[in-house]
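Asker: return a 3D structure for these sequence lines:
(one chain, ligands or ions: 2)
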Amino acid sequence: MADPVAGVLLDALLDGLPEQVAFTDREDRFVRVNRAYAERLGLADPGAAVGKSVASLLSQPEAEAFTKATAAAIHEGAPLPPREICVGIAGEDRWFAIAVAPFRDATGTIAGALTIGRDVTRGKRTEATLRDAVAVYESLIEQLPMNVFRKDREGRFVFVNTLLCTTLGVPRGTMIGKTDHDFSPQALADKFHRDDLQVMATGETLVGVEEHNPRDGESVHIQSFKAPVRNAAGEIVGTQGFFVDVTPLKRTEKALIKKTGEVEEAMRALEDNQQKLLIAEKMASLGRLTAGIAHEMNTPLAAVRSALSELDKLTQEYTDSIDDTEVGPDDHREIAAEMTQTLRLAASAAKRAAGFVSGVKAHTRDMAPRQREPFDAVEVIEETLLLLTHALRKRSCTIQFAHAEPPVVLYGTPGRLAQVITNLVNNAIDACATKPAGATKPAGAIAVRLTRDDAMVTLEIEDSGTGIPSDVVGKIFDPMFTTKRFGEGTGLGLTIVHDIVVGGFGGTIEVQTEVGSGTTFVVRIPVQADGA
Ligand SMILES: Nc1ncnc2c1ncn2[C@@H]1O[C@H](COP(=O)(O)OP(=O)(O)OP(=O)(O)O)[C@@H](O)[C@H]1O
Ligand SMILES: [Mg+2]
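Answerer: Ligands and ions are numbered 1, 2, ... in the order given. As a prediction, this is how the structure comes out:
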């Protein structure tokens, strides 16, 4: 006879359990379900399930899984090992951990099966999310081109990525549980351990580039990063870090520093060379100047000499005629007129020579320490052009100088303006002399114009020469750019002109040119500028 108290206690136990409990008979009909199971079946009253078939209350796949398990337990006559099953309920997967065991009637015969189930879906989902997160984390760590590790407080590796194993040359999986002392030389491992202790003591990240000297010579540079690992409670439970071999970067850096040094050295040599070339060009232009002067001085000197010998003759003639009664006052007047004429010729030749001399002075003044003074540009240009007469004549060029009412006052060093004129006119002469026949304008016509307004003095040097091709014109002011044959041009003329005009006089220089027709250089100098 059943104990009624035991029945009540069993009911209370069953209905109080959070697990879902069901008894089924050998024909797969529910004999008894507890409240949790009834709720899961959607029944308000657990009694409503009694006598119903498993197939009628559960979905087909679940019913099949259920009866398969109960049949197995009944067949075995013993509890089945706990298992997890997945069941589709209302369109979503639900997981249950189930335990199934046979139960017997009073005679000891197996009457059916007892199934206890627990919904573990949430746990399963969390587990899956966690697995995904771990997979993402691991694939990240694996794909990073860095050596990654994690150690516990005692310095034992708890995680290493594949690259670290490859770097150390040890098979994957053999590092876990070991320490740096198993893989690195004593001194290095000691240092790593000290770093670990420091990171754990301070809680601060350690970043740095370490230099190691492996056995085979060349230093290896390691960029390392070590930080504390904290648990959920915020306690430091170990260290983690990564390191990268930055030796190639260091090598590039070293090479770069070396290259920079070499480039600086080359620049210094270049500047040195440029300085030498500048001096050379000055010497060359001085040479050209002297040759021109010698030639130009010869002509007036010859004129003076011939005038002197003519005067000598006339003086002799005059002396001889003093006592000659046949020579009358008219003859004396004639001799005197010839003497005056000859003197004028000599004076004019001497004046030309003097003009050259002051032109040379204008040039040589530039060699002296720079002195600034107001000067008349017209005068300087006239003197300079006089010095170029020989060069002009030699290359069959003519020159016209048109200018505003003198003085056109500029402030600076006159010799520097003379240098500008000399270079620009020499270029014009070269351009005219090399111009092929059949060009439009008459060859060798050079015009120099000097105009002025309140603010600006404008100097134009126009030639009817070759013109400058468009692929050349952008480079003409570059140092050492020349289209002339070796020995005929240094390519420094326009660089010097540019330096003087822009740097010295605070002005501008521009070029207008047309191939086959000619070139005009336009120099503008502000009137007030405290010039070169
Ligand atoms: N008036 C011009 N007509 C045509 N080309 C010119 C003229 N002036 C300059 N150039 C071009 O510009 C180049 C550079 O001129 P720049 O005066 O600097 O050097 P260079 O005359 O070649 O040599 P140098 O140092 O002896 O003056 C010339 O080689 C020439 O090609
Ligand atoms: Mg030149």
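Asker: since we're on whichever residue of the stretch 401-532 of the chain sits closest to ligand 2, how many residues are nearby?
Answerer: Per CB to the ion, residue 493 is where the stretch 401-532 of the chain lies closest to ligand 2, at 2.8 Å. For glycine as for every other residue, the C-beta is placed from the backbone atoms N, C-alpha and C. Neighbourhood size, residue 493 [other CB atoms under 10 Å]: 23.
Asker: isn't it right up against residue 426?
Answerer: Yes - proximity of residue 493 to residue 426 meets the contact threshold set by CB atoms under 8 Å, at 6.9 Å.
Asker: residue 94 - how many residues pack around it?
Answerer: 17.
Asker: for it, grab phi and psi.
Answerer: phi -120, psi 140 (degrees, to the nearest 10).
Asker: ok, and the closest non-adjacent residue to residue 475?
Answerer: Leaving aside its sequence neighbours, residue 475 sits nearest to residue 481 (CB to CB, 6 or more residues apart in numbering; 4.6 Å).
Asker: and this structure, which residues reach ligand 2?
Answerer: Counting by CB under 5 Å from the ion, the residues of the chain close to ligand 2 are 427, 493.
Asker: other SSEs contacting the lengthiest helix in the chain?
Answerer: In the chain, with assignment by DSSP state H, the single longest helix is helix 247-321. Judged by 3 or more CB pairs under 8 Å, 6 or more residues apart in numbering; DSSP states H and E, helix 247-321 is in contact with strand 220-230, helix 329-365, helix 377-387, helix 389-394, helix 414-433, helix 493-498.
Asker: redo that, cut-off 10 Å
Answerer: Here helix 247-321 touches strand 206-212, strand 220-230, helix 329-365, helix 377-387, helix 389-394, helix 414-433, helix 493-498, going by 3 or more CB pairs under 10 Å, 6 or more residues apart in numbering; DSSP states H and E.
Asker: how far is the fourth one from where the chain is centred?
Answerer: Taking CA atoms, centre = their mean, to the nearest Å, one finds the center of helix 377-387 at 50 Å from the center of the full chain.
Asker: okay, now the unreliable bits of the stretch 101-250 of the chain?
Answerer: By pLDDT under 70, the low-scoring segments of the stretch 101-250 of the chain are 213-217.
Asker: go on, the chain?
Answerer: Along the chain, the model assigns pLDDT under 70 to residues 1-2, 213-217, 281-282, 284-293, 295-296, 355-356, 358-371, 436-443, 486-487, 529-532.
Asker: show me which residues of it sit near ligand 1.
Answerer: Residues of the chain that fall close to ligand 1, judged by CB under 6 Å from any ligand atom: 281, 423, 427-428, 431, 463, 465-466, 468, 472, 476, 481-484, 489-495, 519.
Asker: show me just the buried residues among those.
Answerer: With neighbours counted by 16 or more other CB atoms under 10 Å, the residues of the chain next to ligand 1 contain buried members at 281, 423, 427-428, 431, 463, 465-466, 468, 476, 481-482, 489-495, 519.
Asker: so what's the residue of the stretch 401-532 of the chain closest to ligand 2 closest to, chain neighbours aside?
Answerer: Residue nearest to residue 493 in three dimensions, not counting chain neighbours: residue 423, with 4.1 Å by CB to CB, 6+ apart.
Asker: hang on, isn't that neighbour packed against residue 494?
Answerer: Yes - Residue 423 is in contact with residue 494 according to CB atoms under 10 Å; the separation is 6.9 Å.
Asker: name the residues contacting each of those two.
Answerer: Counting by CB atoms under 10 Å, 6 or more residues apart in numbering, the residues touching both residue 423 and residue 494 are residue 521.
Asker: and residue 65, how many residues sit next to it?
Answerer: 18.
Asker: report the inter-axis angle for the longest helix of the chain versus strand 206-212.
Answerer: 80 degrees (axes from the mean of the first three to the mean of the last three CA atoms, to 10 degrees).
Asker: how is the protein partitioned into domains?
Answerer: Domain assignment for the chain by automatic domain parsing gives 4-126, 144-245, 366-526.
Asker: list the contacts of residue 313.
Answerer: By CB under 10 Å, 6+ apart, residue 313 lies in contact with 338, 342.
Asker: distance of the most centrally placed residue in the chain relative to residue 218?
Answerer: Central residue of the chain (CA atoms, centre = their mean): residue 256, 13.9 Å from the mean position. From residue 256 across to residue 218, the span is 18 Å (CB to CB, to the nearest Å).
Asker: before we move on, what about residue 518?
Answerer: Distance of residue 518 to residue 218, computed by CB to CB: 65 Å.
Asker: assign the spatially closest residue to residue 146 that is not a sequence neighbour to helix, strand or coil.
Answerer: Distances taken as CB to CB, 6+ apart place residue 242 nearest to residue 146, at 4.2 Å, with adjacent residues excluded. What DSSP: H, G, I helix; E, B strand; the rest coil gives for residue 242 is strand.
Asker: what does residue 511 give?
Answerer: Taking three-state DSSP, the label given to residue 511 is strand.
Asker: may I see the buried residues of stretch 191-208?
Answerer: Buried, per 16+ other CB under 10 Å, within stretch 191-208: 192, 193, 195, 196, 199, 200, 206.
Asker: same check on stretch 315-326?
Answerer: residue 318.
Asker: got a list of what the residue nearest to the centre of the chain touches?
Answerer: With CB under 10 Å, 6+ apart as the criterion, no residue contacts residue 256.
Asker: roughly how far apart are it and ligand 2?
Answerer: 39 Å (CB to the ion, to the nearest Å).
Asker: quick one: classify whichever residue of the stretch 51-200 of the chain sits closest to ligand 2 as helix, strand or coil.
Answerer: Residue nearest to ligand 2 within the stretch 51-200 of the chain: residue 145 (58.6 Å; CB to the ion). At residue 145 the chain is in coil, as set by three-state DSSP.
Asker: what sits against the spatially closest residue to residue 174 that is not a sequence neighbour?
Answerer: Of all residues not flanking residue 174 in the chain, residue 165 sits nearest, at 7.8 Å (CB to CB, 6+ apart). Residues near residue 165 by CB under 10 Å, 6+ apart: 147, 171, 172, 173, 174, 175, 183.
Asker: so the first one sits against residue 183, correct?
Answerer: No - contact between residue 147 and residue 183 fails when scored by CB under 10 Å: they sit 11.6 Å apart.
Asker: need the overlap of contacts for the two.
Answerer: Contact with both residue 147 and residue 183 is made by residues 164, 165, 167, 168, according to CB under 10 Å, 6+ apart.
Asker: okay, these in CSV with distance to residue 446 and secondary structure next?
Answerer: Output for these, formatted as CSV (distance: CB to CB, whole Å; DSSP: H, G, I helix; E, B strand; the rest coil):
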residue, distance to residue 446, secondary structure
164, 80, helix
165, 83, helix
167, 77, helix
168, 82, helix
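Asker: pick out the most distant pair among those residues.
Answerer: The two members of these with the most space between them (CB to CB) are 165 and 167, at 7.3 Å.
Asker: shared neighbours of these two, anything?
Answerer: 147, 183.
Asker: how much space separates the residue in the stretch 1-150 of the chain positioned nearest to ligand 1 from residue 167?
Answerer: Distances between the stretch 1-150 of the chain and ligand 1 by CB to the nearest ligand atom are smallest at residue 145, namely 54.0 Å. Using CB to CB, residue 145 is found at 11 Å from residue 167.
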